[in-house]
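3D, please:
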Amino acid sequence: MSGDCVKERTNTFTWENMKVERILTEEETRKLETIDVFTTTIEPKLANKFLKFIQNHIPKINDLEHVKRVRRSQTDDGNVNKGIELRVVLCPVDHISKEELIKSLESFDPAIIQHIQDNLAIYPVPKHSPYTMSQFNEWKSIWPISYKRPTTQDEELTGNDLEYIKKYMEIAENEARLAQESNNRKIGAVIVNPQDSKVAAIKGDMTHSLQHPLKHAIMNCIEAIAKDTAESYKTISSTSPNDSLHHKRKLDESGITSDAISAAEGGYLCQDMDVFTNSQPCVM
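Prediction:
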């Protein structure tokens, strides 16, 4: 990996010329994907009976709970006869063959089974549940779907969020200037525990001064936290189990919580922490 994989920042940092935007999640940016399903038409007066029948005789569609089972449309035979047609989703085409599906339907109602078979058709429906309202408005044109706003959907950034970001971005930028003074790239990073806003590590770039391609600011922060956690855990683990007061004192002095120790043990170092840096790191 080249030491020039991140471009040098030459502009001066000021909060006024910064625009903070939340990075959208994969769910929020997901494009429409479809999956093919078997469908057929049924008279409205037989809809309830037919839906109960297919629930017991056709493979379940648990992964498509967002897809409405019935699509309502108006029919026109070209003359004066108009009416309501209900097209019903049976199941995904990869769940059952057409021959097996027809065989499963044969026991429904001999009087209309031919109509059901003649109107079997494959339709695409949205594969995923919409995560945003814009996705819902776009995807429902393919087939009727339901939308429920996710409880975990991120909110817009508040004034407190912006102040929180500003505080630690200024620290990161200051560390970047110190790195530049040591003939390194002007990149700084800060890792913060958002639960209590305590700084876990502050480091600048060292790729030039240490002649090491992995001494990125963020990597240096992670390394520092790893060392601190390991040392604290070693100290706590070596304490006599009978000396509870000494054990508690060591834990308090270390500043490492039991949650941090558990995270280190599980291999999830820095999990759920916030990282602030003035330059996006390269792909390691």
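
now the helices for the stretch 101-250 of the chain?
Along the stretch 101-250 of the chain, counting by DSSP state H, counting those that start in this stretch, helices occupy 113-118, 133-139, 159-181, 217-238, 244-254.

quick one: which of those helices is nearest Thr29?
Distance to Thr29, taken as C-beta to C-beta, is lowest for helix 133-139 among the helices of the stretch 101-250 of the chain, at 9.4 Å. In this view, the C-beta of every residue, glycine as well, is placed from N, C-alpha and C.

quick one: residues in contact with stretch 108-125.
Residues outside stretch 108-125 that contact it (C-beta atoms under 8 Å, 6 or more residues apart in numbering) are 34-43, 46, 50, 53, 57, 64, 67, 87, 89, 93, 98, 101-102, 105-106, 142-143, 145.

in stretch 271-283, what counts as buried?
Met273, Val275, Phe276, Thr277, Asn278, Ser279, Pro281 (16 or more other C-beta atoms under 10 Å).

would you confirm that the last one contacts Cys221?
Going back to what we said before, that points to Pro281. No: using C-beta atoms under 8 Å, Pro281 is not in contact with Cys221; the gap is 10.8 Å.

tell me the two of the buried residues of stretch 271-283 that are most distant?
Most distant of those, by C-beta to C-beta, are Met273 and Ser279, 18.7 Å apart.

which of the contacts of stretch 108-125 fall within strands?
Residues of those located in strands (DSSP state E): Thr34, Ile35, Asp36, Val37, Phe38, Thr39, Thr40, Thr41, Ile42, Arg87, Val89.

whichever of those end up buried, select them in PyMOL.
Remark: buried members of the ones in strands among the contacts of stretch 108-125, expressed as a PyMOL selection using 16+ other C-beta under 10 Å:
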select buried, resi 35+37+38+39+40+41+42+87+89
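
domain boundaries for the protein, per the record?
Split into domains by automatic domain parsing, the chain comes to 15-22+156-277, 26-139.

got a markdown table for the helices of the stretch 101-250 of the chain, with mean neighbour count and mean pLDDT too?
A markdown table is the format used below for the helices of the stretch 101-250 of the chain (neighbours: other C-beta atoms under 10 Å; pLDDT from 0 to 100):
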| stretch | mean neighbour count | mean pLDDT |
| --- | --- | --- |
| helix 113-118 | 13 | 90 |
| helix 133-139 | 16 | 96 |
| helix 159-181 | 16 | 92 |
| helix 217-238 | 17 | 81 |
| helix 244-254 | 12 | 50 |
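
the ones you listed: which one's closest to Leu24?
helix 133-139 (11.3 Å).

pull the CA atoms of the closest one into CSV?
Output of helix 133-139 as CSV, limited to C-alpha atoms (Å, rounded to 0.1, in the frame of the first residue of the first chain):
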residue,chain,number,x,y,z
MET,A,133,-41.2,6.7,1.7
SER,A,134,-39.6,7.5,-1.7
GLN,A,135,-38.9,3.8,-2.2
PHE,A,136,-42.5,3.0,-1.3
ASN,A,137,-43.8,5.5,-3.8
GLU,A,138,-41.6,4.2,-6.5
TRP,A,139,-41.9,0.4,-5.9
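
residues making contact with that helix?
Arg30, Leu32, Pro126, Pro130, Ile145, Tyr147, Arg149.

of the residues you listed, which pair is most distant in space?
Spatially, the most separated pair among these is Leu32 and Arg149, at 18.8 Å (C-beta to C-beta).

which one of these two is surrounded by more residues?
Neighbour count, other C-beta atoms under 10 Å: between Leu32 and Arg149, Leu32 has more, with 14 against 11.

so Ile218 versus Thr41, what's the distance?
Distance of Ile218 to Thr41, given as C-beta to C-beta, to the nearest Å: 58 Å.

same thing with His128?
26 Å.

same deal with Gln271?
Per C-beta to C-beta, Gln271 is found 52 Å from Thr41.

on that earlier part again, so which of the buried residues of stretch 271-283 are in helices?
Among the buried residues of stretch 271-283, none falls in helices (DSSP state H).

which of the residues you listed fall in strands?
Using DSSP E, those in strands are Val275, Phe276, Thr277.

between these, which is closest to Ile171?
For these, the nearest to Ile171 is Phe276 (7.3 Å; C-beta to C-beta).

I am finished for the moment; much appreciated.
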